[in-house]
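Asks: need a structure here:
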Amino acid sequence: METPVSANFDPKLKIYLVLQVAAVLCVTMVGLFVLPAWVVLGPIWAHFYFPTITATLTDRALLYSHGVLFRQEMSIPLDKIQDVSLMHGPLLDAFGLCTLRVETAGGGQAGSAAVLVGVRDAANFRTAVIARRDAAASQGRSTAETEIGLLREIRDTLLRIEARMATRVDDGPSS
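Replies: Prediction:
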């Protein structure tokens, strides 16, 4: 069993999150009225939100949680992970951040991806996720192959028993 790997998040993520929400507020009419309050409350929210972000990679799953008032916790089984991608954008690049997107089976459905913004050394964390996913998949294949072998052995034993029973019935009672 390998030791869990925890992702570290860059503290610059706090500023990025505040600016991201401010940018959304700027493009809406109602948001322009809320923007002054966000300038004061946003950094306070980010201060409490940032410590709640955790991502831990175990042998079986990627555990991800975040949230202040409404906490979201995800457990993504490694065998369900289809793709792990890194995404960059102008605002992210300005802060030296990137987004790690974990896609799972079921593509377009809600909850089919985890988006981890601001992971430090995201490329190495991505590599670790992919390596553990591949190890879990190969372990699953070897387990399935073992089970198939066992089922074949049981089938062959039953066929031998059946054949012996058939020859005893054909021979008739011996007296």
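Asks: Can you give me the end-to-end span of stretch 115-124?
Replies: 16 Å (CA to CA, to the nearest Å).
Asks: Need the residues that contact it.
Replies: Stretch 115-124 is contacted by residues 7-10, 12-13, 16-17, 53, 55, 64, 86, 92, 97-102, 125 when judged by CB atoms under 8 Å, 6 or more residues apart in numbering. Placement of C-beta: from N, CA and C, glycine included.
Asks: Could you list which of the residues you listed belong to strands?
Replies: Among those, the ones falling in strands (DSSP state E) are A55, Y64, L86, T99, L100, R101, V102.
Asks: Find me the pLDDT at the fifth one, would you?
Replies: In the predicted model, L100 carries a pLDDT score of 94.
Asks: for M87, same thing?
Replies: Among the per-residue scores, M87 holds a pLDDT of 93.
Asks: got it, and G107?
Replies: G107 is assigned a predicted lDDT (pLDDT) of 54.
Asks: before we move on, what about P43?
Replies: On pLDDT, P43 comes in at 95.
Asks: so it sits right up against K14, yeah?
Replies: Yes: between P43 and K14 there is a contact at 7.3 Å, judged by CB atoms under 8 Å.
Asks: Mind giving me the PyMOL select for the contacts of stretch 115-124, buried ones only?
Replies: To isolate the buried members of the contacts of stretch 115-124 in PyMOL, using 16 or more other CB atoms under 10 Å:
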select buried, resi 7+9+10+13+16+17+53+55+64+92+97+98+99+100+101+102+125
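Asks: quick one, what contacts E73?
Replies: Contact analysis of E73 by CB under 8 Å, 6+ apart lists L63, Y64, S65.
Asks: could you redo the last one with a cut-off of 7 Å?
Replies: By CB atoms under 7 Å, 6 or more residues apart in numbering, E73 lies in contact with S65.
Asks: So for the biggest helix by length in the chain, mean pLDDT?
Replies: Longest helix of the chain, by residue count under DSSP state H: helix 122-171. Model confidence over helix 122-171, given as mean pLDDT, is 83.
Asks: Next: stretch 23-31.
Replies: Mean predicted lDDT for stretch 23-31 stands at 87.
Asks: mind listing what's buried in that stretch?
Replies: L25.
Asks: how far does it stretch from start to finish?
Replies: Criterion CA to CA; first-to-last residue distance in stretch 23-31 is 9 Å.
Asks: The residue nearest the centre of the chain: what's its closest spatial neighbour, skipping adjacent residues?
Replies: The residue lying closest to the centre of the chain (CA atoms, centre = their mean) is I76, at 3.7 Å. Using CB to CB, 6 or more residues apart in numbering and skipping residues adjacent in sequence, the residue nearest I76 is L62, 4.5 Å away.
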